[in-house]
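>>> Return a 3D structure for these sequence lines:
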Amino acid sequence: MAGKIVGIISLKGGVGKTTTVANLGSILAAEFKKKTLVVDANFSAPNLALHLGLVNPKVTIHDVLSNKAKIHEAIYQHEAGFHLIPAAYMYKKINPSALKHKISRLRDYYDMIFLDSSPSLNEEMLATMMASDELLVITSPDYPTLSTTLRAIRLAKQKRIPITGLILNRVRNKKFELSIKDIENAALVPVISVLPEDVKIPEAVYYTTPVSLYKPRSGSAIEFRKLAANLIGEKYEPGFWNRLKAIFNR
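Numbers count the residues shown, from 1 in each chain. Down below sits the predicted model:
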């Protein structure tokens, strides 16, 4: 069966797209044994490789899209078992619309492919949308982020690209935050994951390691596992991971 391409989008920076992509890639490969690829499709301001400790990649998605390299030459393996296609840190002129053609060739090699999109409403985000089978939209429980989320959803619906659901990130459980019901009523899209505000996430970024590897029992890591399991139609059972940890400790 051909792999699924999932675009992770948001029209606001800093809401957690790159962190989500890095952790889903790590969890699905290391814990669910899925062949997983993550791609930095934020061509003008890439961060995914830095989150994963790849500082100076020789071949990037920019080289692929400008036909200077074959796509397999831009694939790097992370120690957790998943694969990464980074982007160039110095901007190079490319044709974003070629992304769909290049990435679709990899369906036969991977179970899941995640695209980390640009946070701007431009041709880069459109390239991610058009290359994806479905989308996950990242938002946070505040009015400014929700307003940009609604714009992203409208655009996806205009392009007739299915939206699997919303990922509600940086939740503090405060009275001043929008509720899940408020967000779902406004967006007409279900919230499929709620990620807590967690200081371990920026700490993990500092150590260039997904939080699911850096602090696997943190609240955010557990929620990322639930989301990963949901995306592949499996159930996450925390008790299993506790038993596994006990075995290794013994």
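>>> Could you use CA atoms for every contact and neighbour count after this?
Fine.
>>> buried ones in stretch 77-95?
If you call a residue buried by 16 or more other C-alpha atoms under 10 Å, then stretch 77-95 has these buried ones: 78, 80-89, 94.
>>> If the residue nearest to Val191 when sequence neighbours are not counted is in a bridge, with which residues?
Once flanking residues are discounted, Val191 sits nearest to Leu166: 4.5 Å by C-alpha to C-alpha, 6 or more residues apart in numbering. Applying DSSP bridges to Leu166 gives these bridge partners: Val137, Val191.
>>> ok, now the one 5 residues further on?
With DSSP bridges as the criterion, Val171 is bridged to Pro196.
>>> so it touches Ser193, yeah?
No. Assessed by C-alpha atoms under 8 Å, Val171 is found out of contact with Ser193, at 10.8 Å.
>>> Now do the contacts for the closest residue to Gly219 other than its chain neighbours.
What sits nearest to Gly219 in space, not counting adjacent residues and going by C-alpha to C-alpha, 6+ apart, is Pro196, at 6.9 Å. Going by C-alpha atoms under 8 Å, 6 or more residues apart in numbering, Pro196 touches 169-172, 219-220.
>>> how does it look with 10 Å?
Taking C-alpha atoms under 10 Å, 6 or more residues apart in numbering, we find Pro196 in contact with 168-173, 218-221, 223.
>>> Turn those into TSV, columns for distance to Val211 and pLDDT.
Below are the contacts of Pro196 laid out as TSV (distance: C-alpha to C-alpha, whole Å; pLDDT from 0 to 100):
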residue	distance to Val211	pLDDT
Leu168	17	97
Asn169	14	97
Arg170	14	95
Val171	17	97
Arg172	18	95
Asn173	21	93
Ser218	8	95
Gly219	10	94
Ser220	8	96
Ala221	6	96
Glu223	11	96
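>>> Now stretch 64-78 - C-alpha only, CSV.
Coordinates of each C-alpha in stretch 64-78 appear next as CSV, following Å, rounded to 0.1, in the frame of the first residue of the first chain:
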residue,chain,number,x,y,z
VAL,A,64,16.0,18.5,-5.5
LEU,A,65,13.4,21.2,-6.6
SER,A,66,15.9,23.0,-8.7
ASN,A,67,16.9,19.7,-10.4
LYS,A,68,20.5,19.8,-9.1
ALA,A,69,20.1,16.5,-7.2
LYS,A,70,18.0,13.4,-7.1
ILE,A,71,15.6,13.1,-4.2
HIS,A,72,17.3,10.1,-2.7
GLU,A,73,20.5,12.2,-2.4
ALA,A,74,18.7,14.6,0.0
ILE,A,75,17.5,11.9,2.5
TYR,A,76,19.3,11.6,5.8
GLN,A,77,18.7,9.0,8.5
HIS,A,78,18.0,10.0,12.2
